[in-house]
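A.B. asks: Quick one: sequence plus predicted model below, questions after.
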Amino acid sequence: MKRFIYTTGMAFLLLLFPSYTFAKDELPQLKMEDHEEIPSTILIEQQSGQILYEKNMHEKRAPASMTKMMTLLLIMEAIDDGELTMDEQITVSERASSMGGSQVFLEVGEEMSTEDLIKAIAIASANDASVALAERIAGSEAAFVDKMNQKVTALNLENTHFTNASGLPGKNHYSTAYDMAMIARELLQYEDITKYTSIYEDYLREGKTNEFWLVNTNKLVRTNEYVDGLKTGYTKEAKFCLTASATKDGMRMITVVMGAEKSSERNEFTSQLLHQAFQSYEVETVVDENKPVATLYDERTRKVEYPLQIKSPITILKKKGRQVTEEVEVIHEYDDNIRFPIEKGTKVGKVIVQVDGETLAENPLIVTEQVNYASIPTLFKRVIQEMTKTHGKEKTL
């Protein structure tokens, strides 16, 4: 991968954005009263992963249905890789139909679209829908669980192990507030997921005799204007759990609460944590997604130069009201194996933002229009023009 560091561009950026962030070890954490009823919790900013508050964040606990964040992550990856489509009709197996706990009462042999099954998981925390999609992706729930644990390893999560796709109690099924936050952070890379987790109510099989009313188990999506997900959990062992995501002024926060005695305590503490976070921190935009940030250049193509953008802005977290100038670098890396033609929206590299040499954010570089080879006559014309320029230079010497 070819790497270009824009040092002159950095001076320009520093003029535009003189206020950046504290180094990670200098950004002060929130000061919250100790809530004894909340045994384990964490608050992070989504893009940087900066931990802004924590209590027993590495304590192993049963995650209950927050497990389904990993299930949803593998589902979204399968869709992104083209292995699964939203409109594909999934046939429900006997095993999927027999799942207890939270469910949407799928019947053996029933067919339901991937999208509707995702809704069932994201809104109603449906165990039967989770297993149906797990079986479709991996062939069996056991094989899918293997993929879940492989993803745990890939994400460098040291205190998580899954034994099922739904979060039902299991002897060796555990995670931590920190690990759940990292899984949520990864899941939120798929921006479409909050389209489903933010829905408060919807219907499956609407208009049919077996119509099913979906009501979100996360009541904060209705009572808190900034919350758009992400996943609740409850079992007798796990007690009340919640991973919440909320966005305000371009800044997304992720909170995890594990082991609360009451759902009201879980929700109230999450709301307080988010309120304090939005009162205390803000982000500065370093790279704007609405403007070209780089150029793909190749004389063999029709237009020669093509603007590249990123899908979402790259921001840097800072304490509100503080002005701290850090050494910021924006690095463009281009894939070495780019082949033409290139479809609009294709990733051809990435933008990396570093502060004092530490990577704070990465974002794919996307082609904003179709890239095609130039025609033979066009290429021939360019060769002649280049020869003419070269001949003219030689003649003047």
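C.D. replies: Sure, I can see it. Numbering: from 1, shown residues only.
A.B. asks: pretty sure Thr217 belongs to a helix, no?
C.D. replies: No. The assignment for Thr217 (DSSP: H, G, I helix; E, B strand; the rest coil) gives coil, which keeps it out of a helix.
A.B. asks: count of residues packed around it?
C.D. replies: By other Cβ atoms under 10 Å, the residues close to Thr217 number 18. Every residue, glycine included, has its C-beta placed from N, CA and C.
A.B. asks: who's in contact with it?
C.D. replies: With contacts defined as Cβ atoms under 8 Å, 6 or more residues apart in numbering, Thr217 is in contact with Ser65, Ser102, Ile123, Ala124, Ser125, Thr232.
A.B. asks: now these: which count as buried?
C.D. replies: Buried positions within those, assessed by neighbour count (16 or more other Cβ atoms under 10 Å), are Ser65, Ser102, Ile123, Ala124, Ser125, Thr232.
A.B. asks: I figured Leu72 was touching Gln189, is that so?
C.D. replies: No. With contact defined as Cβ atoms under 8 Å, Leu72 and Gln189 do not form a contacting pair (11.8 Å).
A.B. asks: more neighbours, those two?
C.D. replies: Set side by side, Leu72 and Gln189 give different neighbour counts by other Cβ under 10 Å, the larger being at Leu72 (25 against 14).
A.B. asks: Nearest to Thr368 among the buried ones among the contacts of Thr217?
C.D. replies: For the buried ones among the contacts of Thr217, the minimum distance to Thr368 (Cβ to Cβ) is 34.0 Å, reached by Ile123.
A.B. asks: separation between the closest residue to the closest one other than its chain neighbours and Leu133?
C.D. replies: Take Ile123 and drop its neighbours on the chain: the residue closest to it by Cβ to Cβ, 6 or more residues apart in numbering is Leu214, 4.4 Å away. As defined by Cβ to Cβ, to the nearest Å, Leu214 lies at a distance of 16 Å from Leu133.
A.B. asks: The two - which one has more neighbours?
C.D. replies: Leu133 (26 against 20).
A.B. asks: Pretty sure Met112 sits in a strand.
C.D. replies: Yes. Under three-state DSSP, Met112 sits within a strand.
A.B. asks: what's it in contact with, if anything?
C.D. replies: If you count contacts by Cβ under 8 Å, 6+ apart, Met112 has them with Gln89, Ile90, Val92, Leu106, Ala120, Ala129, Ala132, Leu204.
A.B. asks: if you set the cut-off to 6 Å instead, what comes out?
C.D. replies: Contacts were defined as Cβ atoms under 6 Å, 6 or more residues apart in numbering; by that measure Met112 touches Ile90.
A.B. asks: Which strand residues bridge it?
C.D. replies: Partner residues in beta bridges with Met112, using DSSP bridges, are Ile90.
A.B. asks: Direction included, what does the helix or strand the residue nearest to Ile123 falls within pair up with?
C.D. replies: Assigned by DSSP states H and E, Leu214 belongs to strand 212-215. For strand 212-215, the paired strands and their directions (DSSP bridges) read strand 201-204 (antiparallel).
A.B. asks: quick one: average pLDDT of stretch 385-397?
C.D. replies: Stretch 385-397 shows a mean pLDDT of 61.
A.B. asks: Could you give me the buried positions within the helix or strand following the strand holding Leu214?
C.D. replies: Beyond strand 212-215 in the direction of the C-terminus, DSSP H and E gives the next helix or strand as helix 220-223. Along helix 220-223, these residues count as buried under the neighbour rule (16+ other Cβ under 10 Å): Leu220, Val221.
A.B. asks: By mean pLDDT, which helix or strand of this structure comes out lowest?
C.D. replies: Taking mean pLDDT, DSSP states H and E as the measure, the helices and strands of the chain show their lowest mean at helix 7-16, namely a mean of 35.
A.B. asks: Whichever strand or helix holds Thr270: which residues count as buried?
C.D. replies: Take DSSP H and E as the rule and Thr270 turns out to sit in helix 263-280. Judged by neighbour count (16+ other Cβ under 10 Å), helix 263-280 contains these buried residues: 263, 265-267, 269-271, 273-274, 276-278, 280.
A.B. asks: Turn the residues you listed into CSV, including distance to Met148 and pLDDT.
C.D. replies: Formatted as CSV, the entries for those read as follows, by distance: Cβ to Cβ, whole Å; pLDDT from 0 to 100:
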residue, distance to Met148, pLDDT
Ser263, 26, 96
Glu265, 29, 96
Arg266, 24, 97
Asn267, 27, 97
Phe269, 28, 96
Thr270, 25, 97
Ser271, 30, 96
Leu273, 27, 95
Leu274, 28, 97
Gln276, 33, 95
Ala277, 29, 95
Phe278, 32, 96
Ser280, 34, 93
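A.B. asks: From Arg266, how far off is the closest residue to Val293 other than its chain neighbours?
C.D. replies: The shortest distance from Val293 to any residue that is not its chain neighbour, by Cβ to Cβ, 6+ apart, is 5.6 Å, and that residue is Val287. The spacing between Val287 and Arg266, counted by Cβ to Cβ, is 36 Å.
A.B. asks: residues contacting His35?
C.D. replies: Contacts of His35 were listed using Cβ under 6 Å, 6+ apart, and they are Phe269.
A.B. asks: Show me the shaky parts of the chain.
C.D. replies: 1-28, 323-326, 390-397 (pLDDT under 70).
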